[in-house]
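K.L.:
Sequence and computational prediction follow.
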Amino acid sequence: NPDYSQIITTLLLMASIYLLGVLASYGYSRIMVNVTHSTMKKIRDDLFAHMQALPLKYFDNNAYGDLMSRFTNDVDTFRQLISQTLPQFISSTFTVVGIFVAMLLLSWQLTLIIILVLVLVFNTVKFISKRSRKYFVENQQSLGKINGYIEEMIEGQKVIKVFTHENKAISEFEKLNSKLRHASTQANTYTSILMPIMGNLSYMNYAITAMLGALFVVSGLAPLSFTLGSLASFLQYTRNFFQPISQISQQFNFIISALAGAERIFEVFDEKQESNDGKVKLAQAQIIDDKIIESSEHTGFWA
């Protein structure tokens, strides 16, 4: 006469947790959509308002298409960052910390292996980010230049036709387009190799932990509470530990791209606005003793 009451209770608890997870995912999606687009709207509003107070020489020295690119392409880089990358980074951080604590409770000796691999992972990310960042910045700059050139050529298409400037325009466009292709290829090359490196480091760590953990148990060096079952649990934690780190690395190119876009946006915000030293008021006036003074009555004379 087996008693299934505890199993039923556990199943109902799991069902409640999954239902709560579904509701939380729906609420998260709704909130992030509002936060993302509200933030992008705020950035565009502030950028446009700041640009209205810039002197004319700034617009003479910068192509219109490049300025438009800051409102579209550069601001749009924040969308992926805010809607997916930052929430996933926060969620993955909590997951990593929780799993790390669980591994410490199981075996602090085997956890040292994880720490050594983490040092290798962080150094790898640092090495790649140093080289990819400059290409992401160059990619955003090249994108702005090519947008500015296209806007200028389309606006002056009649002049190009009149002076048969088509071949020269095509040649200049090909140069700008080649620079954009080179920067984009280099930037995505570095970020594309990051995920395979992270995967291989994860597998290497799993193999080393399995071998050393088995020796640790078989040789009798492990505490009596640490059995082969504990080792199996620890290996599962090891796989789960590197999964969120790999997810963060997948979003790495979006982080670098957003930082490059932010740099171009804040370049505009850093531009000094045109100062207004005073206001000119037009008022009714009258002349008394060769002096022009303001009059509260209608005189037909303005000053």
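P.N.:
On my side now, so go ahead. The structure presented is a predicted model; accordingly, all values stated were derived computationally and were not measured.

K.L.:
Now Ile288: phi and psi?
P.N.:
Its backbone dihedrals place Ile288 at phi -130, psi 120, with angles given as degrees, to the nearest 10.

K.L.:
All further residue positions should be reported with the first residue as 320.
P.N.:
Understood, numbering begins at 320; the last thing we discussed is Ile607.

K.L.:
what's the neighbour count on it?
P.N.:
Burial of Ile607 is recorded as 9 neighbouring residues (other Cβ atoms under 10 Å). Heads up, the C-betas are built off the backbone N, CA and C, glycines and all.

K.L.:
So what sits opposite it in the bridge?
P.N.:
Here Ile607 shows beta-bridge partners Lys610, assigned using DSSP bridges.

K.L.:
just checking, Ser411 touches Pro563?
P.N.:
Yes - with contacts counted by Cβ atoms under 8 Å, Ser411 reaches Pro563, the gap being 3.4 Å.

K.L.:
if I've got this straight, Ser594 is in a helix?
P.N.:
No - judged by DSSP: H, G, I helix; E, B strand; the rest coil, Ser594 forms no part of a helix; its state is coil.

K.L.:
and it, how many neighbours?
P.N.:
Ser594 has 7 neighbouring residues, counting by other Cβ under 10 Å.

K.L.:
what about it, distance to Leu373?
P.N.:
Remark: distance between Ser594 and Leu373 (Cβ to Cβ, to the nearest Å) = 11 Å.

K.L.:
cool, Asp395 as well?
P.N.:
Separation of Asp395 from Leu373 (Cβ to Cβ): 22 Å.

K.L.:
next one: Ile574
P.N.:
When distance is defined by Cβ to Cβ, Ile574 is 29 Å away from Leu373.

K.L.:
again with Trp621
P.N.:
Using Cβ to Cβ, one gets 32 Å for the distance from Trp621 to Leu373.

K.L.:
of these two, who's got more company?
P.N.:
Ranked by neighbour count (other Cβ under 10 Å), Trp621 and Leu373 place Leu373 first, with 16 against 8.

K.L.:
How many residues are close by the closest residue to that one other than its chain neighbours?
P.N.:
Beyond its immediate neighbours in the sequence, the residue positioned closest to Leu373 (Cβ to Cβ, 6 or more residues apart in numbering) is Glu590, lying 5.7 Å away. Residue neighbour count, defined by other Cβ under 10 Å, stands at 15 for Glu590.

K.L.:
Give the helix, strand or coil label for Glu590.
P.N.:
Taking three-state DSSP as the rule, one finds Glu590 in the coil state.

K.L.:
And Met351, by the same measure?
P.N.:
Taking three-state DSSP as the rule, one finds Met351 in the helix state.

K.L.:
Look up how far Ser448 lies from Tyr525.
P.N.:
As defined by Cβ to Cβ, Tyr525 lies at a distance of 25 Å from Ser448.

K.L.:
er, Ala533 I mean
P.N.:
Between Ala533 and Ser448 the distance, using Cβ to Cβ, works out to 36 Å.
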